[in-house]
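*Asks:* here's my sequence, what's the structure:
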Amino acid sequence: MYLKHFGLRELPFQLTPDPAFFFKGESHHEALNVLLVALRSGEGFVKIVGEVGTGKTLLCRKMLDALEGKAVTAYIPNPLLTPSHLYRTLAEELGVKVPTRAASYSVLKALQQALLAYAENNRKVVLLIDEAQVMPDQTLEALRLVSNLETEKAKLVQIVLFGQPELDEKLGQPHLRQLRQRIGFSYQLPPLDRGAVAGYVTCRLKAAGSRDRELFSRRALAMIFRSSQGIPRLVNLLCHKSMMVAYGRGASEVTPSFVRIAARDTQGVRLGWLDRIWSFGPPLLVMASGLFGQSMDVL
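*Replies:* Below is the predicted model:
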């Protein structure tokens, strides 16, 4: 809708985890380094934990890109699985064919044979699991059994868990202590600080084709940081909506007044007391006067 107005090739603040928009800020760069070092050292388990919206899935996708051609990868984005379904999903990801009605033991045996074949050809196998906090306890225990597959010198598969803080609570249970003790490296992904938010916004705009480094005013960026509390997903929502308002008003720069309108329309952001009162007012698309007129021209 506003691409031509701001001179962009594509939308810069979409919520889909596109590695082309990966921001190499301090925390995300550190997390990526932790992952690469852990995998080089042969650790069986690695864990990345962060609050909702801090960029874990994008980091996971970036990791998949970094491993392309260097390792055999398996990716499970939704691990709400039974142990038998976990084994079958992993087999499918690795191209291992198993009979439809094969027992879990048989599937695990087939996985072991495939992993041994990869090891004989000096090919590292890495399993990345997103949203790991939703895994049932029995499935986590089944995952530990997969990690037991090893030669005399190395693990046959390395496993990276991405999850929300609830993952740490789950792993803190006494009956999962064997798995917890096998996690060699872990990293806590924090929210972005004020400077990182400004860099994040600039990075995504540049990746989308923008040549205007001053598209957001400094005060607008400061308000985005305060309202989002440094959560990248909320930064994306606020920036996208602010640009919609600016486009509707025919403005070439996003100012605090546009961010304020966007914040009132976005759940989960921090509002001042006056903004909380006004948040019960007209929705963003109505307040962005002129937007409907321009949209109708497009239609």
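
*Asks:* please enumerate the strands of the protein.
*Replies:* 45-50, 72-76, 125-129, 158-163, 183-189 (DSSP state E).

*Asks:* tell me which of these lies nearest to L115.
*Replies:* strand 125-129 (5.9 Å; Cβ to Cβ). For glycine as for every other residue, the C-beta is placed from the backbone atoms N, C-alpha and C.

*Asks:* list the contacts of R194.
*Replies:* A222, F225, G230 (Cβ atoms under 8 Å, 6 or more residues apart in numbering).

*Asks:* and G268, which of the strands of the chain is closest to it?
*Replies:* Between G268 and the strands of the chain, the tightest spacing by Cβ to Cβ is seen for strand 45-50, at 15.4 Å.

*Asks:* let me see the mean pLDDT of that closest one.
*Replies:* Mean pLDDT, computed over strand 45-50, is 95.

*Asks:* pull out the buried positions in that strand.
*Replies:* By 16 or more other Cβ atoms under 10 Å, the buried positions in strand 45-50 come out as F45, V46, K47, I48, V49, G50.

*Asks:* other residues contacting it?
*Replies:* Counting by Cβ under 8 Å, 6+ apart, residues outside strand 45-50 touching it are 31, 34-35, 38-39, 56, 59, 132, 147, 158-165, 167-168, 171, 179, 182-190.

*Asks:* now, of the residues you listed, which are buried?
*Replies:* By 16+ other Cβ under 10 Å, the contacts of strand 45-50 give 31, 34-35, 38-39, 56, 59, 132, 147, 158-164, 167, 171, 179, 183, 185-187, 189-190 as buried.

*Asks:* I'd like to know which of the contacts of R194 is nearest to D137.
*Replies:* Nearest to D137 among the contacts of R194, with distances taken as Cβ to Cβ, is G230, at 32.2 Å.

*Asks:* next, count neighbours for the closest one.
*Replies:* Around G230 there are 21 other residues, counting by other Cβ atoms under 10 Å.

*Asks:* please name the nearest non-neighbouring residue to it.
*Replies:* P191 (3.2 Å; Cβ to Cβ, 6 or more residues apart in numbering).

*Asks:* again, but for Y2
*Replies:* Spatial nearest neighbour of Y2, excluding adjacent residues (Cβ to Cβ, 6+ apart): Y247 at 3.8 Å.

*Asks:* D193 too?
*Replies:* Nearest to D193 is G230, by Cβ to Cβ, 6+ apart, at 6.2 Å.

*Asks:* how near is the one you found to S210?
*Replies:* 22 Å (Cβ to Cβ, to the nearest Å).

*Asks:* do N236 as well
*Replies:* Taking Cβ to Cβ, one finds N236 at 15 Å from S210.

*Asks:* these two: which is more packed in?
*Replies:* Using other Cβ under 10 Å, the more surrounded residue of N236 and S210 is N236, with 22 against 16.

*Asks:* grab the nearest non-local neighbour of the more buried one.
*Replies:* Distances taken as Cβ to Cβ, 6+ apart put F13 closest to N236, at 4.2 Å, once the chain neighbours are dropped.

*Asks:* so who does the one you found touch?
*Replies:* With contacts defined as Cβ under 8 Å, 6+ apart, F13 is in contact with R204, V235, N236, L237, C239, H240, M243.

*Asks:* now with 6 Å, please.
*Replies:* N236, C239, H240 (Cβ atoms under 6 Å, 6 or more residues apart in numbering).

*Asks:* which one of the residues you listed is nearest to G268?
*Replies:* Nearest to G268, judged by Cβ to Cβ, of the contacts of F13 is N236 at 12.0 Å.

*Asks:* quick one, domains of this structure?
*Replies:* 3-9+192-298, 26-189 (automatic domain parsing).

*Asks:* any idea which of those scores lowest on pLDDT?
*Replies:* Of all the domains of the chain, the minimum mean pLDDT falls on domain 3-9+192-298 (a mean of 82).

*Asks:* re earlier: distance to K24 for the buried residues of strand 45-50 - can I get that in JSON lines?
*Replies:* Compiled in JSON lines, those are given as follows (distance: Cβ to Cβ, whole Å):
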{"residue": "F45", "distance to K24": "25"}
{"residue": "V46", "distance to K24": "19"}
{"residue": "K47", "distance to K24": "21"}
{"residue": "I48", "distance to K24": "16"}
{"residue": "V49", "distance to K24": "20"}
{"residue": "G50", "distance to K24": "16"}
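
*Asks:* perfect, that will be all.
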